[in-house]
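> Sequence and predicted structure below; questions after.
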Amino acid sequence: MEIEKDITLKKLNTFGIEAKAAFFAEISSTEDFLSLIKTDVYKNNPRLVIGGGSNLLFTKDFEGIVIKNGLHGIDAVHQNEGHVWIEAKAGENWHKFVLWCVEYGYAGLENLSLIPGCVGAAPMQNIGAYGVEIKDVCEKVYALDMETGKETIFSNTDCKFGYRESIFKHSHKNKYLITSVVFKLSKKPNFNTSYGAIEQELSAMGVKELSIKAISQAVINIRSSKLPDPAVKGNAGSFFKNPEVSKEKHDELKKHFEKLVSYPIDNGGYKLAAGWLIEQCGLKGKCIGEACVHDKQALVLVNLGNAKGKDVYALSEEVLQTVKAKFGVTLEREVNIY
Ligand code: EPU
């Protein structure tokens, strides 16, 4: 493992934003990391661990060391009649890992097909789509303390999962390097087609007999039709979270905006579709420089080619303020800003 200096991060973030890192190292084993933490560059600089770089926005150069998690390997570590426990190393590409599980008939991740990024980032933000979240299938997370290199194992409960939330985004932020994640998957599938769009797509595909392969393909089709491919148009998926509001606020909004898209949640309040709120503000297709609100899904901001991180940020600020002024609802960014 070598420590490089002054490298461009453009190909290391799915937004495709140009920014530099003062130092960069890719680790391909735990031993690499244990050697890295003994170096002066590591000890004396801010650190940022990245996987696929799919949830990041660089607004300036990173004056520290960027560490790319390049740990690879997928293993069935345990099984019984109904379940199999699969350990995937943090640097594995998420979608390839999901396809691997689908191919072997291990159910539980098929609704999470085609999400960009790596396995290690999945528990950090409790990735979710089409009615499933990582918290539903994550058994444990292996991580190394970034100061001492000591291994810690986090159970599902320890991770404190919430909507796009975990302990790794709060009290444990930048404190642990996730090395692998163990998933408890089912040999006998429990299909989740509760999300309306999946049912519609399965029927458009002419699927007669439900399978995890068919669900995975339906999700791939839906995502491809709405969400821009980062390899073609830089983006970081949903830029904002769907905001949660009280029942009172929801009812008041509903009086003024009959078509408000909302879902009841456990605490008695409602989650609002931020994409709908942004679209109603007339912001679809709005650009600052080469940073734009995606024309097919307003929750996604895209880089047309040479957008500056600062332009993407300014656009997100304009979206936040416009939505606040029209609906009195404050959006929260999902993407990590550096
Ligand atoms: N909508 C609009 N206009 C838009 C976008 C959405 O009216 O421009 C409406 C849709 O018509 C629909 C509702 O908003 O009624 C929800 O839209 P969609 O199904 O596309 O899902 P979302 O709430 O916008 C969330 C996740 C996605 C995930 C999908 C599917 C968040 C922040 N985003 O988006 O996750 O794929 O549901 O489960 O929760 C991500 O986190 O990066 C991500 C892509």
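Good, I have the coordinates.
> center of the protein - which residue?
residue 127 (5.0 Å; C-alpha atoms, centre = their mean).
> Report whether the expected contact of that residue with residue 121 is present.
Yes. Under the criterion of C-beta atoms under 8 Å, residue 127 makes contact with residue 121 at 7.5 Å. Placement of C-beta: from N, CA and C, glycine included.
> overlap in contacts of the two?
The overlap between the contact sets of residue 127 and residue 121 (C-beta atoms under 8 Å, 6 or more residues apart in numbering) consists of residue 94.
> Regarding the residue sitting furthest away from the middle of the chain, what is its secondary structure?
No residue in the chain sits farther from the centre than residue 255, which is 33.6 Å out by C-alpha atoms, centre = their mean. What DSSP: H, G, I helix; E, B strand; the rest coil gives for residue 255 is helix.
> for residue 103, same thing?
Going by three-state DSSP: residue 103 is helix.
> how many neighbours does it have?
11 (other C-beta atoms under 10 Å).
> Please apply the same query to the one 10 residues further on.
Close neighbours of residue 113, defined as other C-beta under 10 Å, add up to 24.
> That one and residue 222 touch, don't they?
No. Residue 113 sits out of contact with residue 222 when judged by C-beta under 8 Å, with a separation of 9.6 Å.
> where are the low-confidence patches of the protein?
Nowhere does the chain drop to pLDDT under 70.
> Going by length in residues, pull out the top helix of it.
helix 309-327 (DSSP state H).
> what's next to the helix or strand containing residue 182, contact-wise?
Assigned by DSSP states H and E, residue 182 belongs to strand 176-186. Outside strand 176-186, the residues that touch it by C-beta under 8 Å, 6+ apart are 30, 33, 49, 67, 69, 71, 73, 77, 82-90, 101, 106-109, 119-120, 122-124, 137-146, 151-152, 168.
> in it, what counts as buried?
176-185 (16 or more other C-beta atoms under 10 Å).
> before we move on, back to that, quick one: the residue nearest to the centre of the chain and residue 28, what's the gap?
Computed as C-beta to C-beta, to the nearest Å, the residue 127 to residue 28 distance reads 24 Å.
> picking that back up, next secondary structure after the longest helix of the chain?
Counting by DSSP H and E, the next helix or strand C-terminal to helix 309-327 is strand 336-337.
> Near whichever residue of the stretch 101-250 of the chain sits closest to the ligand, how many other residues are there?
Going by C-beta to the nearest ligand atom, the ligand is nearest to residue 237 of the stretch 101-250 of the chain, at 2.5 Å. By other C-beta under 10 Å, the residues close to residue 237 number 23.
> secondary structure class for it?
Taken by three-state DSSP, the conformation at residue 237 corresponds to strand.
> Show me which residues of the stretch 201-338 of the chain sit near the ligand.
By C-beta under 6 Å from any ligand atom, the residues of the stretch 201-338 of the chain that approach the ligand are 226, 237-238, 241-242, 261, 273, 275-276, 279, 297-299, 334.
> that older thread, I'd guessed the residue of the stretch 101-250 of the chain closest to the ligand sits against residue 55; true?
Yes. Look at residue 237 against residue 55 with C-beta under 8 Å: they come within range, at 7.1 Å.
> which neighbours do those two share?
Common neighbours of residue 237 and residue 55 (C-beta under 8 Å, 6+ apart) are 334-335.
> quick one, what contacts residue 254?
With contacts defined as C-beta under 8 Å, 6+ apart, the neighbours of residue 254 are 260, 262.
> again, 7 Å this time
Applying C-beta atoms under 7 Å, 6 or more residues apart in numbering to residue 254 gives the contacts residue 260.
> List the residues that contact residue 270.
245, 247, 250, 262-264.
> before we move on, what about residue 210?
Contact analysis of residue 210 by C-beta under 7 Å, 6+ apart lists residue 191.
> Surely it is in a helix?
No. Counting by three-state DSSP, residue 210 is not found in a helix; it is coil.
> Now do the phi/psi pair for it.
phi -70, psi 140 (degrees, to the nearest 10).
> same check, this time on residue 33
Per-residue torsions, residue 33: phi -70, psi -40 (degrees, to the nearest 10).
> Repeat that for residue 114.
Per degrees, to the nearest 10, the backbone of residue 114 is at phi 60, psi 20.
> is it true that it touches residue 96?
No. Contact criterion C-beta atoms under 7 Å: residue 114 and residue 96 do not qualify, at 10.6 Å.
> And the two? Which one has more around it.
residue 114 (18 against 12).
> quick one: the helices in this protein?
Using DSSP H, helices in the chain cover 30-36, 40-43, 94-104, 121-124, 196-204, 212-226, 247-256, 274-280, 309-327.
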